[in-house]
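Participant: what follows is a predicted protein model with its sequence.
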Amino acid sequence: MLALTALALVPLLAFAAPTERQNGLTVVNNCYNSGQVALTFDDGPNNREGDIANALNSVGAKGTFFFNGNNYGCIYDHAQTLRDLNAQGHTLGSHTWSHPDLTKLEEWQIHQELEKVETAFIKILGLKPRYFRPPYGSYNDRVLNVLAQRGYKKAFIWSDVTGDALGDSLDKQKSVLNDVANQYPAPKMVLSHSVIDSAVDATWYGVSRLRDAGYQMVAVDTCLGNSGEWPYEYVGQPEQPNDSWRC
Ligand SMILES: *[C@@H]1O[C@H](CO)[C@@H](O)[C@H](O)[C@H]1NC(C)=O
Ligand SMILES: [Zn+2]
């Protein structure tokens, strides 16, 4: 009887599985294009994004920044950073407002974590993000369904981590980037953190090493080839700062 019940439940559960996220949301674990690497930087904005961008720009690389609303810094205090990175052709995505593990939250809380970052992007850039990285790479069906409902197109994980946020030394971070370079032309998606001081020097090292290996350093929307898309939805003109621009 028990066995029969269990068997009967399997197809029922499969049939009942939510399908909203099939509406255009894909979890991406790596770049798709051979010869391309996406350098990605999480947890900002704070004070190091300009330095990271200088390293990227020095070799014509495009990077991807997954920003929080209020983690190391308040996004509204760094509005100019968003404008600058966007103008320089780097890609900006959402990394939640306060960096929680989304699998521990109720659905309404997940919506709130996403909505507050969307509001900030819309005020500052006039653009709503469609690309997302879950904090800790942690997600489940509920998270993906909320992302899909809100119009997100991609949830990005990564292929390699430099270890900056784990407190790994600069030498250790360089050795990770060196290992990545040695795997040319395998597609790669590297996780770093723009809020960690050592990530700046690691990025200067990485861009020259990866360039010399032959890699093109592109944003995540480019390294997916035809599966990529414009990472935003156009909403309107950026707004003027006022009292609502606070965390
Ligand atoms: C801030 O500006 C926006 C539009 O630019 C406006 O809708 C909103 O009411 C303003 N808020 C405050 C607190 O001034
Ligand atoms: Zn993070």
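Facilitator: Good, I have the coordinates. Ligands and ions are numbered 1, 2, ... in the order given.

Participant: which residues does the residue in the chain positioned nearest to ligand 2 contact?
Facilitator: Closest to ligand 2 within the chain is residue 42: 4.1 Å, counting by CB to the ion. Quick note: C-beta positions are derived from backbone N, CA and C, even for glycine. By CB atoms under 8 Å, 6 or more residues apart in numbering, residue 42 lies in contact with 65, 66, 95, 133, 165, 191, 192, 193, 194.

Participant: those: which two are farthest apart?
Facilitator: 65 and 165 (14.5 Å; CB to CB).

Participant: looking at those two, which one has more neighbours?
Facilitator: Higher neighbour count among residue 65 and residue 165: residue 65, with 26 against 16, using other CB atoms under 10 Å.

Participant: okay, that one and residue 111: tell me how far apart.
Facilitator: Distance, residue 65 to residue 111, using CB to CB, to the nearest Å: 23 Å.

Participant: pLDDT on the longest helix seen in the chain, on average?
Facilitator: Determined from DSSP state H, the single longest helix within the chain is helix 107-125. For helix 107-125, the mean per-residue pLDDT is 98.

Participant: same thing with stretch 44-55?
Facilitator: The pLDDT scores in stretch 44-55 average 98.

Participant: convert the C-alpha atoms of that stretch to CSV, please.
Facilitator: Provided in CSV are the C-alpha atoms of stretch 44-55 (Å, rounded to 0.1, in the frame of the first residue of the first chain):
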residue,chain,number,x,y,z
GLY,A,44,29.0,46.0,-4.8
PRO,A,45,28.6,48.8,-5.3
ASN,A,46,31.0,50.1,-2.8
ASN,A,47,34.4,51.8,-3.4
ARG,A,48,36.4,49.5,-5.7
GLU,A,49,34.3,49.3,-8.9
GLY,A,50,36.1,52.2,-10.6
ASP,A,51,39.5,50.5,-10.0
ILE,A,52,38.1,47.2,-11.3
ALA,A,53,36.7,48.9,-14.4
ASN,A,54,40.1,50.6,-15.0
ALA,A,55,41.7,47.2,-15.2
